[in-house]
Structures are given as structure tokens and as C-alpha cells.
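Enquirer: Could you work out the structure for the sequence below:
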Amino acid sequence: MTTWEPVIGLEVHVQLLTRSKIFSGAATRFGSAPNTQACAVDIALPGVLPVMNSEAARMAVKFGLAVAARINQTSIFARKNYFYPDLPKGYQISQYELPIVGGGHLTISTNGNDKRIGITRAHLEEDAGKSLHEDYHGMTGIDLNRAGTPLLEIVSEPDMRSPQEAIAYLKKLHTLVRYLEICDGNMQEGSFRCDANVSIRPLGQTELGTRTELKNINSFRFIERAIQYEIERQIEILEDGGQIIQETRLYDPDRNETRSMRSKEEAHDYRYFPDPDLPPMILHDDFIDSVRNSLPELPDAKKQRFIEQYGLNDEDAVQLTATKELADYFETATSATQGSAKTVANWIAGELSGYLNKENKDITESPVGAGQLATLIDRIHDRTISGKIAKEIFESMWNGEGDTDTIIEKKGLKQITDAGAIEKIIDEVLAKSEKQQEQYKSGQTKVFGYFVGQVMKATKGKANPQQVNEILKRKLDA
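Expert: As a prediction, this is how the structure comes out:
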């Protein structure tokens, strides 16, 4: 029986965070009323001319440098001809033979193994408008607000061999463009969109199979499911003696299937030719150097620094550097607390992440700030509260009841650390637990937890757990 190998390449459209469009001065804000951000250039009135937005070029170069790519100091804009109702000019201004970024790579990690994924190119282009079907019975509305919004299309090599590798690459790319502050990465709003090219071939064969393109999928989960479905569909067709048709397919998440949309175009179908209204774009050395000097600490470098500087393991460092905002939160909290970096990492991975996920919030929306978390950890560190009480205080802070010290005072949650007071309560518990003491002394040491539980119950959880354990053990072993 043939063993099949999937071959996957991704084309990712990254909407650049410029304030104006790539060839006009119209705004790029999301969510404005339809057709209120489309100027004469965007709607292709006769006689208008495009003017290149230098900030879009700066952002493209920033990306190229971050992935160790070649920056083409001369690049050319081309007209990509096709006819859609939301494309006013009847062509899209893009780049073809000479893109701004050539080559490059990202390194991904899956199942503990690193793999280098090549990046073929990244080119600048303008976005099209948006067709609206749901609000017009039997008709389609056209919103041209998005027409002319700058995109950086990032094309990978067909280096991925599983849906898991594809998602690892996509998430790495998503993290990178957000670190670089060239894209907000909002998939629901369409500012980070992915097309997946999928083919299969017998394992060991070097020749590529016929590919299909899965178009405009807007979540990591759906992209993974769509690729997996498409792999299984193609294998089934080939094993039944059929042939794969080169086509563009849409993914239906409700039915978890891909459906044919249209036959796949080749480059010649678009009749590319250099745009006569735009001269070649020439980037001087000082421009590229200024972009290089503006690069932030990149995710991989930050991850390695977290491991070396804070003594974190690889898993913690990966999680904490997933977004720049989360990494900043961790470093702010760590610098403000007497507790260890590992303790801060544990609270972020545990309590904080749990609450954020439950309410579908981003770290920037957390009601508990980094300074507040640092104070909470300090109160555990100085034995004012126990770890268990700290979780209760965290919940109160999350619900807006004040900071750590206010909640401790208001709710009387200060930990009992007076050894004499704890010993007195332990004596009272032991006096009522003769049977359990006999069990303990006969070797049933698991009953120790019973005594701890009774003491904590008697003190409403306020007794210092370490002191309780030490005093109990001394008395029971006597």
C-alpha cells in the first residue's frame, strides 16, 4: 500500500498598520461605515494616479530583515488583471518579477524538533474591496473601504509536511509580525489571512503532486482542519484511481469539508505587466540601515534571553514570549517582586491564563496588572498569606475589589504565622483524633493529610501550611 506524503505551502496576507492606504491618502481604520474611506484613487476615477506610501515599504523591509531575507533595493509594481465587482480598476497593483523581499526563513518547532521553513518572497500589493451578500436579498453590496489597504503577501516554500507544521509556521509568523508592529494580527477582521496550497505524493518521490489552494481561512483551528480534510480527500481520490484537479477550494467549517470554488489560475492568466503609473521603487542603503536599527528584540532572541536571564525552561520561555505584550507583563512583574521569576511564570501560566481564557481576553485586557500580581507574590513570599489564600485574593482582584493589601485587610485574610497559636490549634485537633493518631503510628501515613485538613479548617485556611506540617510531624512522630 502506498504511503503518502503531504506537501504544504502557505501564502499569508498581512495587512500593514499604516494610517493611510498604499497608493492614496484615504484612511485604513476598520469598522467605518461602508464606502466612507474610499477616495478618488481607490475607486479608480479617470485621471487619478497612485502615489507610493513609504511607510508600507518600511514595514516590508522590517519584515524582510527579521527573517534574514534579501532586500531588493530595486523592486517593480505590476498590474495583476482580473475582474471582480470589488476591484474598481479591473486590475490589482501588486509585485511579480521583482518583489521587495526575496528569500528568508523561519524556524519552527513541533514535537520538540526544530525545522527550517523557507520563505520564497514577500511582496507589496493593494487589497480589494469587500462584497456583501447577506444584507441584500438577491443582490450584492460593494464596500470599497478596504480597497487600496496595503498588504504584504508572504509566500512560503512548500516545506511543510503536516497540518501541525503548517500551524506552527503560521503561529510563528503571526507572533513575528505583531512583535514588529507591522500588523495587529486580527484574523476575525481579516488583517491576517491565509491561503494554503496542498498536494500529496508517494513518500520518497521528489516531484510535486497537483495542488489545490484553500482560500481565505480565518482561524488557526479551521486552517488545520481544512488542510487535514484536503489531505485525506486527495489520498482517497488517488487511491481510487482518480486524478487531482488543480483548483481553488473553499472550506466549510460547519460541515468540515472543502468545496470547489473555481479552477486555479496560473500566473499567465493574470497577464502581469509593469504598472506604467508607478516607477521602480528604489531603496537606498541609509533607508535600509535605519529600518535595521529600529528592529526590536525578536521572539527567538527574547526566548533565549528569558531562559538565560531568568532560568526558565524552554516551555515557559516559549509561552511567555508568544506575544510582546505578555513578555512585557512577565518582565514588569518579575522586576517588581521579591519572588522568583519561576513563581511569576507559574502564576501567569496558571491562574492568569485560566481567567483570560475563560473570559476570552487578551493580556492587555487583564484586570490584574503586572504590579498587582507582583504584590500578591510578595505577600506569599513574606508569609502574609498562603498560596491557597492568594488564589482567593487573585479572584477578588480580577473582579475589581481592590489591590492585594486592601483585600487582605478587608477580608481578614492575613496568614497565622504565630507558632504558639498554631501549636495550640494542633493540640486541640489531636485531642479529638485519637483513632487517626493510632492509624498514623501503625504506619498509615496517608492519614497525615487528615490532620492538616482539620487544622486548616479550624483556622479558615489562614495557618501557614509549612509551619502546620512541621509542628504536626514533630508531635505525631514524638
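Enquirer: Looks like residue 130 contacts residue 189 (just checking).
Expert: No. Using Cβ atoms under 8 Å, residue 130 makes no contact with residue 189, being 11.3 Å away. For glycine as for every other residue, the C-beta is placed from the backbone atoms N, C-alpha and C.
Enquirer: OK, contacts around the residue nearest to residue 120 when sequence neighbours are not counted?
Expert: Using Cβ to Cβ, 6 or more residues apart in numbering and skipping the chain neighbours, the partner closest in space to residue 120 is residue 155 (4.6 Å). By Cβ atoms under 8 Å, 6 or more residues apart in numbering, the contact list for residue 155 reads 9, 10, 11, 119, 120, 121, 122, 123.
Enquirer: Drop the exposed ones from the residues you listed and show what's left.
Expert: By neighbour count, with 16 or more other Cβ atoms under 10 Å, the contacts of residue 155 hold 9, 10, 11, 119, 120, 121, 122, 123 as buried.
Enquirer: For the third one, what is the enclosing helix or strand?
Expert: Using DSSP states H and E, residue 11 sits within strand 4-15.
Enquirer: list the helices and strands that strand packs on?
Expert: Packed against strand 4-15 by the contact rule (3 or more Cβ pairs under 8 Å, 6 or more residues apart in numbering; DSSP states H and E) you find strand 150-156, helix 163-179, strand 192-202, helix 220-239.
Enquirer: Need the CA coordinates for the third one. PDB is fine.
Expert: Translated: strand 192-202. What follows is strand 192-202, C-alpha atoms only, in PDB (Å, rounded to 0.1, in the frame of the first residue of the first chain):
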ATOM      1  CA  PHE A 192      -4.000  38.200   8.800                       C
ATOM      2  CA  ARG A 193      -5.400  35.900   6.200                       C
ATOM      3  CA  CYS A 194      -4.000  32.600   4.900                       C
ATOM      4  CA  ASP A 195      -4.300  30.600   1.700                       C
ATOM      5  CA  ALA A 196      -2.900  27.000   1.800                       C
ATOM      6  CA  ASN A 197      -1.500  25.100  -1.100                       C
ATOM      7  CA  VAL A 198      -1.900  21.400  -0.500                       C
ATOM      8  CA  SER A 199      -0.700  18.400  -2.600                       C
ATOM      9  CA  ILE A 200       0.300  14.800  -1.900                       C
ATOM     10  CA  ARG A 201       2.900  12.500  -3.400                       C
ATOM     11  CA  PRO A 202       4.200   9.000  -2.700                       C
END
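Enquirer: Give me the domain ranges for this protein.
Expert: As assigned by automatic domain parsing, the chain contains the domains 4-291, 297-411, 419-477.
Enquirer: which stretch in those has the least confidence?
Expert: Sorting the domains of the chain by mean pLDDT places domain 419-477 lowest, at a mean of 82.
Enquirer: most neighbours per residue, which of the helices and strands packed on strand 4-15?
Expert: strand 150-156 (a mean of 23; mean count of other Cβ atoms under 10 Å).
Enquirer: from memory residue 114 sits against residue 105, does it?
Expert: No. Contact criterion Cβ under 8 Å: residue 114 and residue 105 do not qualify, at 11.6 Å.
Enquirer: the more surrounded of these two?
Expert: Set residue 114 next to residue 105 and count neighbours by other Cβ atoms under 10 Å: residue 105 wins out with 15 against 8.
Enquirer: where's that one relative to residue 79, distance?
Expert: 30 Å (Cβ to Cβ, to the nearest Å).
Enquirer: returning to what we had before: dump the C-alpha coordinates for the strand holding residue 11 into CSV.
Expert: Only the C-alpha atoms of strand 4-15 are listed here, as CSV (Å, rounded to 0.1, in the frame of the first residue of the first chain):
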residue,chain,number,x,y,z
TRP,A,4,1.6,9.3,1.0
GLU,A,5,3.5,12.5,1.9
PRO,A,6,1.6,15.8,2.1
VAL,A,7,3.3,18.9,0.7
ILE,A,8,2.1,22.2,2.1
GLY,A,9,2.9,25.8,1.3
LEU,A,10,1.2,28.9,2.7
GLU,A,11,0.5,32.3,1.3
VAL,A,12,-0.2,34.8,4.1
HIS,A,13,-1.7,38.2,3.5
VAL,A,14,-0.6,40.6,6.2
GLN,A,15,-2.5,43.9,6.4
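Enquirer: buried residues in the very next helix or strand once past it?
Expert: Moving toward the C-terminus from strand 4-15, the next helix or strand (DSSP H and E) is helix 54-66. By 16+ other Cβ under 10 Å, the buried positions in helix 54-66 come out as 55, 56, 57, 58, 59, 60, 61, 62, 63, 64, 65, 66.
Enquirer: Not counting sequence-adjacent ones, nearest residue to the first one?
Expert: So that's residue 55. Counting by Cβ to Cβ, 6+ apart, the residue nearest residue 55 is residue 18, at 4.8 Å.
Enquirer: what about residue 421, how many neighbours?
Expert: By other Cβ under 10 Å, 13 other residues sit near residue 421.
Enquirer: and what of the one 5 residues further on?
Expert: Using other Cβ under 10 Å, the number of residues around residue 426 comes to 23.
Enquirer: elements contacting the strand or helix carrying residue 259?
Expert: Secondary structure from DSSP H and E places residue 259 in strand 257-263. Judged by 3+ Cβ pairs under 8 Å, 6+ apart, the packing partners of strand 257-263 are strand 212-217, helix 220-239, strand 247-252.
Enquirer: quick one: strands adjacent to the last one?
Expert: According to DSSP bridges, the neighbouring strands of strand 247-252, each with its direction, are strand 212-217 (parallel), strand 257-263 (antiparallel).
Enquirer: Residue 332 is nearest to which of the ones you listed?
Expert: strand 212-217 (35.3 Å; Cβ to Cβ).
Enquirer: Buried residues in that closest one, which are they?
Expert: Buried residues in strand 212-217 (16+ other Cβ under 10 Å): 212, 213, 214, 215, 217.
Enquirer: Pipe those into a markdown table and attach distance to residue 402 per row.
Expert: Shown next, in a markdown table, are these (distance: Cβ to Cβ, whole Å):
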| residue | distance to residue 402 |
| --- | --- |
| 212 | 56 |
| 213 | 54 |
| 214 | 50 |
| 215 | 50 |
| 217 | 44 |
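Enquirer: Pull the most distant pair out of those residues.
Expert: 212 and 217, at 13.1 Å, using Cβ to Cβ across the buried residues of strand 212-217.
Enquirer: out of the strands paired with strand 247-252, nearest to residue 294?
Expert: strand 212-217 (31.4 Å).
Enquirer: what's the distance between that closest one and the middle of its chain?
Expert: 20 Å (Cα atoms, centre = their mean, to the nearest Å).
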